[in-house]
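Participant: sequence and predicted model, in that order:
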Amino acid sequence: MSYLKIDHVDKTFQRGAASTNVLRDISLEIEKGEYVSVIGHSGCGKTTVLNMVSGFYRPSAGAIRLGERDLAGRPAHVVARAGIARTYQTTRLFGSLTVVDNVALGSAPGRLWRRASAGDRRTAASLLAFVGYRGALDRPAAELPHVDRRLVEIARALAGGPAALLLDEPAAGLSRADTDRLARLIRRIADSGVAVVLVEHDMPLVMGISDHILVMDAGRPIARGTPAEIRRDPAVLRAYLGGADTPARPRGAPWQGPADTVLSVLDLTAGYGAAPVLDGVHLDVRPGETVALLGANGAGKSTAMRALAGLLRPVAGAIVFDDRRVEALPAHRIARAGLVLVPEGRQVFPELSVVENIRLGAFGRGTPIDPAEVERLLDRFPRLRDRAGSRAGLLSGGEQQMLAIARGLMAHPRILLLDEPSLGLAPAMINALYATVAELRDEGVTILIVDQMAALALTVADRGYVLEQGRVVARGTAAELSADKGLEAAYLGAA
C-alpha cells in the first residue's frame, strides 16, 4: 500500500447555479522516500491538487490517504498535524520574525505560535544548516534575499517532522546554480524517508531527479511514468507543443516585407527583485510580420511582454520601438505610441458591458471614436455582437479573450502583443481565436505572440524565438523551429 495516496479525486467549484469542474479523476501514489513531480501548463490544476492534499480545498469526490488515515476534506490544521507539510508559489514567511523563529514555528504544526525555546532554536538552526542557509539566524525574514526565503520556508516545513512534503514551484525566481542546489536538497529530503510531491515548471529540475511524473492538462491526467517515458509520450508532446493537426491557418505565401525593424530588443535583462528572469535577450519584429516567442512555463515569455508594454522596468538593455527608445517610458505612453498588450488572463472590466470594454481601448489614442469602428469589431467577433450589451464578467473565457483582442485593436496598434491567448480555453474556442489571429496577420497587423502551444503559434507565425531560462536559445523561421528537436528539449528538458 502506498504511503501517500490520491485516489480518483475530483474537484468542482460551485458559484450559484453554475459549476466548474477543475479536477477530474486525479490519482497519484507516493512511497516513503519517493520524489514525484506534477507538471503541466499554467491553469491545468497542479496547485489545486496540492490545495486538496493540504486541506485548503475539500474534494468533490475521491480519497486522500496518508498511511491508513483518510484526510480528504479534513481542515488544513488537521492535515498538518497528521504529517503533511507544504510550501507555496510565493513565499509566506513572517517578515517581522527572525529566521530562526520562522523555522521554530513549524515545530508544532497547526498550533498557535509560542516564543521559541532554546531547544526549538537549536533544532531550527540544525534544519537551516541542512537546507543550506548560511545567513544570520536573527535576521528579520523580511530582509532576506529571494533564495534564502525559499530555503527558510523549506526548513520551516521540515520542522514538524512531516511524513510528506508538498513543494509548489520552489525554483521560481532562482538562478540555475541555486536551482541545482535546490535539486540536491530535495533529493536529500526524499532520501531521508519523506514522500515529496513537487509542482514545478523548471524541466531540467523535474527531469533530473524525479522518480515518477504525473502530467496534467485541463484538470485531467494525461500521462504517468519515469522522466524518460514522459519525454517520449505523444500525449505530453501534443499538450506542450501542439500536434500536426493544429487548426491554425498558415500564411498563404512566405512573408516578404521590409527588412527594417519596427521593434528591436537589445540585451534586455529584467526580473522581479530576485535573480533576473530575462538575461540578455535580443529579438526583432518587422512591420507586418507575425513573430512567436516560445518556451516552457517560467522561461520568461510573459516577463518579456510585460517589459515591452512598460509594466515591468528592465534592469538593463534597450527597447527600440519605431526608432525611439521606450524602456524608460510609463506603460500608458508606450500604449499610446502603438505597442499594445493583450494581457495573459484577459483582464476585461467585468462590470462594464462588451461595448464599453471595446470603447475603452480607444481611451489613450487621442482620436474620436467612430461608431463604425465598434461595429466592424463586432462583425469580426460575431459572438461578441450577440452579447454586446452583456456584462463582460458574464462571458465565457473564450469570449473574454476575443473581447480583450477587440479592445486591443481599438487602440490602433502598431504592434499587437498577444500574451497566452489560448490559455484555459476549450479547443473549439482556440480554433476560432486562431482563425482570427490568422485573419489579422493576413490583413497586415504586426503581431508578437506568446502561447503555451508552440506548434499552434508557429503555424500562424513567420518567425520565432525560443526562450530557455531567460535566454534566447534558438531563433529562425517558423518552419525551421517546427522541425528543430531542440524545441522539445526547451519544453521538456534535455534527454
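Facilitator: Noted; the coordinates are in hand.
Participant: burial count for the nearest residue to Leu93 once chain neighbours are set aside?
Facilitator: Spatially, and ignoring its direct neighbours in sequence, Leu93 is nearest to Ala141 (4.1 Å; C-beta to C-beta, 6 or more residues apart in numbering). Just so you know, the C-beta spots here come from the backbone N, C-alpha and C atoms, and that holds for glycine as well. By other C-beta atoms under 10 Å, 22 other residues sit near Ala141.
Participant: gap between Ala141 and Gly397?
Facilitator: Distance, Ala141 to Gly397, using C-beta to C-beta, to the nearest Å: 37 Å.
Participant: cool, Gly67 as well?
Facilitator: On the measure of C-beta to C-beta, Gly67 and Gly397 end up 40 Å apart.
Participant: try His282
Facilitator: When His282 is compared with Gly397 (using C-beta to C-beta), they lie 34 Å apart.
Participant: do the same with Ala489
Facilitator: Ala489 is 31 Å from Gly397, by C-beta to C-beta.
Participant: the more surrounded of those two?
Facilitator: Using other C-beta under 10 Å as the criterion, Ala489 and Gly397 rank with Ala489 on top: 20 against 15.
Participant: show me how far the particular helix or strand that has that one in it is from its chain's centre.
Facilitator: Using DSSP states H and E, Ala489 sits in helix 486-492. Its chain's C-alpha centre and that of helix 486-492 lie 17 Å apart, by C-alpha atoms, centre = their mean, to the nearest Å.
Participant: for it, which positions count as buried?
Facilitator: Using 16 or more other C-beta atoms under 10 Å as the test for burial, helix 486-492 gives Leu487, Glu488, Ala489, Ala490, Tyr491, Leu492.
Participant: which other helices and strands contact that helix?
Facilitator: Contact here means 3 or more C-beta pairs under 8 Å, 6 or more residues apart in numbering; DSSP states H and E; on that basis helix 486-492 packs against helix 203-209, helix 227-232, helix 234-241, strand 463-468, strand 471-477.
Participant: change it to 7 Å
Facilitator: helix 203-209, helix 234-241, strand 463-468 (3 or more C-beta pairs under 7 Å, 6 or more residues apart in numbering; DSSP states H and E).
Participant: the first one - contacts with which helices or strands?
Facilitator: What that stands for is helix 203-209. For helix 203-209, the packing partners by 3+ C-beta pairs under 7 Å, 6+ apart come out as strand 35-39, helix 176-191, helix 486-492.
Participant: any idea of the angle the second one forms with strand 35-39?
Facilitator: Going back to what we said before, that points to helix 176-191. 130 degrees (axes from the mean of the first three to the mean of the last three C-alpha atoms, to 10 degrees).
Participant: now do helix 176-191: distance to the chain's middle.
Facilitator: The answer for helix 176-191 is 22 Å, by C-alpha atoms, centre = their mean.
Participant: identify each buried residue in that helix, please.
Facilitator: Neighbour counts over helix 176-191 (16+ other C-beta under 10 Å) mark Asp178, Thr179, Arg181, Leu182, Ala183, Leu185, Ile186, Arg187, Ile189, Ala190 as buried.
Participant: would JSON lines of these with pLDDT be doable?
Facilitator: Below are the buried residues of helix 176-191 laid out as JSON lines (pLDDT from 0 to 100):
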{"residue": "Asp178", "pLDDT": "89"}
{"residue": "Thr179", "pLDDT": "89"}
{"residue": "Arg181", "pLDDT": "93"}
{"residue": "Leu182", "pLDDT": "94"}
{"residue": "Ala183", "pLDDT": "93"}
{"residue": "Leu185", "pLDDT": "95"}
{"residue": "Ile186", "pLDDT": "94"}
{"residue": "Arg187", "pLDDT": "93"}
{"residue": "Ile189", "pLDDT": "95"}
{"residue": "Ala190", "pLDDT": "93"}
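Participant: got the residues you listed as TSV, with distance to Leu433 columns?
Facilitator: Shown next, in TSV, are these (distance: C-beta to C-beta, whole Å):
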residue	distance to Leu433
Asp178	37
Thr179	34
Arg181	41
Leu182	37
Ala183	37
Leu185	42
Ile186	38
Arg187	41
Ile189	42
Ala190	41
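Participant: just to revisit the earlier point, can I get the helices and strands packed on helix 203-209 in TSV with distance to Leu294?
Facilitator: Putting the helices and strands packed on helix 203-209 into TSV (distance: least, C-beta to C-beta, whole Å) gives the following:
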stretch	distance to Leu294
strand 35-39	17
helix 176-191	19
helix 486-492	7
